[in-house]
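Visitor: Sequence and predicted structure below; questions after.
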Amino acid sequence: LRYGLYTRTRLGYLFYKRQLKKARERYPQGHSSTQAIVFSGVKVVPIPVLSDNYSYLVIDTTSKLAVAVDPSDPIAVQNYLDREGAVLEAILCTHKHWDHSGGNKALKKLHKSCRVYGNSCDDIPELTHPLSDRDQLAVGRLQFQAFFTPGHTVGHMIYVLDGKSGDGPDCLFSGDLLFLAGCGKHRGFILVSQKIFYREHNTRMKPLKSCPIHVQAVPGLRTG
């Protein structure tokens, strides 16, 4: 019940705002120390937000164009943009939950031309460019491909950054499909048989088989 209230109602948004305020006070520098992934012309910057989430900036270091992935805390994301001297060109949302999309509105207000990508099955705030399975998109020379991975939400997506953008590894932004230790809760899941659990798990993970063999996973949460 509490999970449903958080994900589907205005009360959930108010709870998210409260948690965001508490996290900023408790972790003024973020909940953990992080290190950017840097390869030729591309920088992937993890941004620790809330108590265990991660947002990301993907920056073309030549043009200074940036893509934000799941920008939960708009203040934290903007601080990193300022620090890097980058301009926000697009937002990629894996799904609608506030801890992944809560910063969309504020960032779109600051960056009027910013495009917001995601799946139209999810109620993603400020969505401007709906995506379907295997759609490709480009921001400057940054090339991404979207994969449809429903389960955690009806419109959950993951994104793969083509490593050829900077002569480096492909990077998988997994949202709540994969955590550093586990995977995201399946919507409606309460108690199921082992057979049904593995069937659902395999269905959700199937799109990963289409991803490049050598890919660096970049999860949205520390724990499952």
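Guide: Received, thanks.
Visitor: what about stretch 135-154, average pLDDT?
Guide: For stretch 135-154, mean pLDDT rounds to 92.
Visitor: now stretch 109-127
Guide: Across stretch 109-127, pLDDT averages out at 96.
Visitor: ok, now stretch 9-17?
Guide: Averaging pLDDT along stretch 9-17 gives 85.
Visitor: can you give me the helices for this structure?
Guide: Taking DSSP state H, the helices of the chain run over residues 2-8, 10-26, 74-84, 98-101, 104-110, 194-205.
Visitor: Lowest mean pLDDT across those helices, which one is that?
Guide: When the helices of the chain are ranked by mean pLDDT, helix 194-205 comes last with a mean of 45.
Visitor: residue nearest the centroid of this protein?
Guide: The centre of the chain sits closest to Asp70, judged by CA atoms, centre = their mean, with a distance of 3.3 Å.
Visitor: That one against Leu92, yeah?
Guide: Yes: if you go by CB atoms under 8 Å, Asp70 and Leu92 touch, sitting 7.5 Å apart. Placement of C-beta: from N, CA and C, glycine included.
Visitor: joint contacts of those two?
Guide: Any residue near both Asp70 and Leu92 by CB atoms under 8 Å, 6 or more residues apart in numbering counts here, and that gives Phe173.
Visitor: what residues are up against the residue nearest to the centre of the chain?
Guide: Asp70 neighbours (CB under 8 Å, 6+ apart): 53-56, 92-94, 100-101, 173, 175, 220.
Visitor: What score does the residue found closest to Cys171 once you drop the neighbours it is linked to in the chain have for pLDDT?
Guide: Using CB to CB, 6 or more residues apart in numbering and skipping the chain neighbours, the partner closest in space to Cys171 is Leu161 (4.3 Å). Note for Leu161: predicted pLDDT of 92.
Visitor: ok, the closest residue to His31 other than its chain neighbours - contacts?
Guide: Leaving aside its chain neighbours, His31 sits nearest to Pro48 (4.8 Å; criterion: CB to CB, 6+ apart). Residues in contact with Pro48 (CB under 8 Å, 6+ apart) are 27, 30-32, 34, 54, 76.
Visitor: Neighbour count and distance to Leu20 added to these, as a markdown table?
Guide: Output for the contacts of Pro48, formatted as a markdown table (neighbours: other CB atoms under 10 Å; distance: CB to CB, whole Å):
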| residue | neighbour count | distance to Leu20 |
| --- | --- | --- |
| Tyr27 | 15 | 11 |
| Gly30 | 18 | 13 |
| His31 | 16 | 12 |
| Ser32 | 12 | 17 |
| Thr34 | 13 | 18 |
| Tyr54 | 24 | 14 |
| Ala76 | 21 | 9 |
